[in-house]
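> Based on what follows, work out the 3D shape:
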Amino acid sequence: MLFDVSCTNCGQAYPPEGFPYRCPSCGGLYDSPSPLKFDPAQVDCSQPGIWRYRHTFGLPDDVEAVSLGEGNTPLVWAEAFGRRVAFKCEFLNPTGSFKDRGSAVIAAWLRSRGIREVVEDSSGNAGASLAAYASRAGIKAQIFVPESASGPKRTQIEAYGAELTLVPGTRTDVAEAVKKAADTGASYASHAYLPFNIPGYATAAYEIFEKLDNQMAGAVIVPAGQGGLLLGLARGFDALRIASNLRSSPKLIGVQARACAPLWVMFTAGVERSGYVPENSTQAEGVRVSFPLRGGAVVAAVKESGGMIVAADEEDILPGRDALARLGFYVEPTSAIVWSALAQTIRDLADPVVVVLTGSGLKYG
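Now for the predicted structure:
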């Protein structure tokens, strides 16, 4: 069954040709109105990584998978704050971040539509990931990033053969620059606007469930910028709950840097307050997003899970990175904000607690 996608504003179905990033009729955001459908009987263990769950992606059957071995990342247990906690090591994906789960699926959709050139914007990880998977699929990519993006991420993007475009100013300025390119006819393979990566992110939920011996986690903590991974996990756990006839899903704990925390503002003060959040500088560059496009859906999913969104103070980010490194997990500051979230919430969380480590420390500098 093909992925059911339509405009959240006017309801128009995603067109059968081309690759628009937003609705041509009203400019609305695309999403799927239907829940993900997970069927344990259709999990194909002969396929690598996330492609075991291809039946949840909605891709045409004749479309070849685009893969670099993404997914099937380990769940490693360690002591933290007096509790035994499981760390989902997403930084061990091929390009060093969880973004690979989404990029692999987006690249397959691009291939299915015959797209040969794309543009994308990113603080670094999403751009590096798309650059890798575009190269794998034989697609030319131009990646727009802030001038302040980490050097290793910029080097990585160019190494994959993508054209790197540096944009002065904020992350919002980068988004505006790429939209100008997209509005002149370039195919915009946006990890924020497009919904095709969300089923890819949901595969992390399936893996967590399997690695916990087919049991739901008590809580899952994850960094959130746009909130795509958080939304993907929510939808993945919901699909598992329905398929396995379970009573509940894990509490979802999203964490942002307090310097730029629109999802936290929306959760604590109401969705209508999200327009007042400044894009202040933060060491957690990967979650520096002042206006998350799916913010309402992300906050609703967190509330439905019984979870919360918390904020990490700037002075706690690098100590959190160091504490994780002492446990053997070398992650970038964006990923390390989970340590603050764990400190703030663990006393109220039921076991097992899973913490998602999203990006490698080797990419920061």
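
> Output the lowest mean pLDDT helix or strand found in this protein.
helix 171-183 (a mean of 89; mean pLDDT, DSSP states H and E).

> tell me how far that one is from the chain's mean position?
Offset of helix 171-183 from its chain centre (Cα atoms, centre = their mean, to the nearest Å): 20 Å.

> Stretch 345-364 too?
Counting by Cα atoms, centre = their mean, stretch 345-364 is centred 14 Å from the centre of its parent chain.

> measure it end to end?
With Cα to Cα, to the nearest Å as the measure, stretch 345-364 spans 27 Å from end to end.

> Same check on stretch 148-167?
Stretch 148-167 end-to-end distance (Cα to Cα) = 9 Å.

> Distance of residue 24 relative to residue 105?
22 Å (Cβ to Cβ, to the nearest Å). To be clear about C-beta, it is placed using only N, CA and C from the backbone, and glycine gets the same treatment.

> ok, which stretches of the stretch 101-250 of the chain are helices?
Using DSSP state H, counting those that start in this stretch, the helices of the stretch 101-250 of the chain run over 125-137, 151-159, 171-183, 198-211, 228-244.

> Between these, which shows the greatest average number of neighbours?
Here the criterion is mean neighbour count by mean count of other Cβ atoms under 10 Å, and of the helices of the stretch 101-250 of the chain the winner is helix 125-137, at a mean of 28.

> so how far is residue 321 from residue 234?
26 Å.

> these two touch, right, residue 334 and residue 285?
Yes. In this structure residue 334 lies within contact range of residue 285 using Cβ atoms under 8 Å: 6.2 Å.

> Compare these two (neighbour count), which wins?
The neighbour count for residue 334 versus residue 285, taken as other Cβ atoms under 10 Å, is higher for residue 334 (28 against 24).

> excluding its backbone neighbours, what's nearest the more buried one?
residue 286 (3.4 Å; Cβ to Cβ, 6 or more residues apart in numbering).

> Relative to residue 272, how far out is the one you found?
For residue 286, the distance to residue 272 - Cβ to Cβ - is 26 Å.

> Give me the more crowded residue out of these two.
Neighbour totals were compared for residue 286 and residue 272, and residue 286 leads with 31 against 8 (other Cβ under 10 Å).

> tell me the contacts of that one?
By Cβ atoms under 8 Å, 6 or more residues apart in numbering, the contact list for residue 286 reads 123, 124, 125, 223, 225, 332, 334, 335, 358, 359.

> Could I have the ChimeraX command that selects the buried members from these?
Selection of buried members from the contacts of residue 286 for ChimeraX, criterion 16 or more other Cβ atoms under 10 Å:
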select :123,124,125,223,225,332,334,335,358,359
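
> On the pLDDT front, check the residue sitting furthest away from the middle of the chain for me.
Relative to the C-alpha centroid of the chain, counting by Cα atoms, centre = their mean, residue 82 is the outermost residue, at 29.0 Å. Here the pLDDT value assigned to residue 82 is 96.

> before we move on, what about residue 95?
97.

> repeat for residue 365
75.

> and it, what is it in contact with?
Contacts of residue 365 by Cβ under 8 Å, 6+ apart are 150, 151, 152.

> quick one: low-confidence ranges for the stretch 1-150 of the chain?
Residue ranges of the stretch 1-150 of the chain with pLDDT under 70: 1-2.

> Sketch out the strands for it, chain order is fine.
Remark: strands assigned in the stretch 1-150 of the chain by DSSP state E, counting those that start in this stretch are 6-7, 30-31, 75-80, 83-89, 117-121, 140-146.

> now do the stretch 251-365 of the chain
251-257, 308-312, 353-357.

> deepest of the ones you listed, which one?
Highest mean neighbour count among the strands of the stretch 251-365 of the chain (mean count of other Cβ under 10 Å): strand 251-257, with a mean of 28.

> strands paired with it, and their directions?
Strand 251-257 pairs in its sheet with strand 219-223 (parallel), strand 308-312 (parallel), by DSSP bridges.

> These into JSON lines, with extra columns for mean pLDDT?
Formatted as JSON lines, the strands paired with strand 251-257 follow (pLDDT from 0 to 100):
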{"stretch": "strand 219-223", "mean pLDDT": "98"}
{"stretch": "strand 308-312", "mean pLDDT": "98"}
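
> List the contacts of the residue positioned nearest the centre of the chain.
For the chain, the residue nearest the mean C-alpha position is residue 229 (3.3 Å; Cα atoms, centre = their mean). Shown in contact with residue 229 (Cβ under 8 Å, 6+ apart): 98, 201, 204, 222, 223, 356, 358.

> closest to residue 61 among those residues?
Within those, proximity to residue 61 (Cβ to Cβ) peaks at residue 201, which comes in at 22.2 Å.

> now that closest one: how far from residue 184?
30 Å.

> Residue 140 versus residue 27, what's the distance?
26 Å.

> swap that for residue 229, sorry
27 Å.

> Residue 213 too?
Relative to residue 140, and taking Cβ to Cβ, residue 213 is found at 44 Å.

> Would you mind telling me which of the two has more residues around it?
Using other Cβ under 10 Å as the criterion, residue 213 and residue 140 rank with residue 140 on top: 14 against 6.
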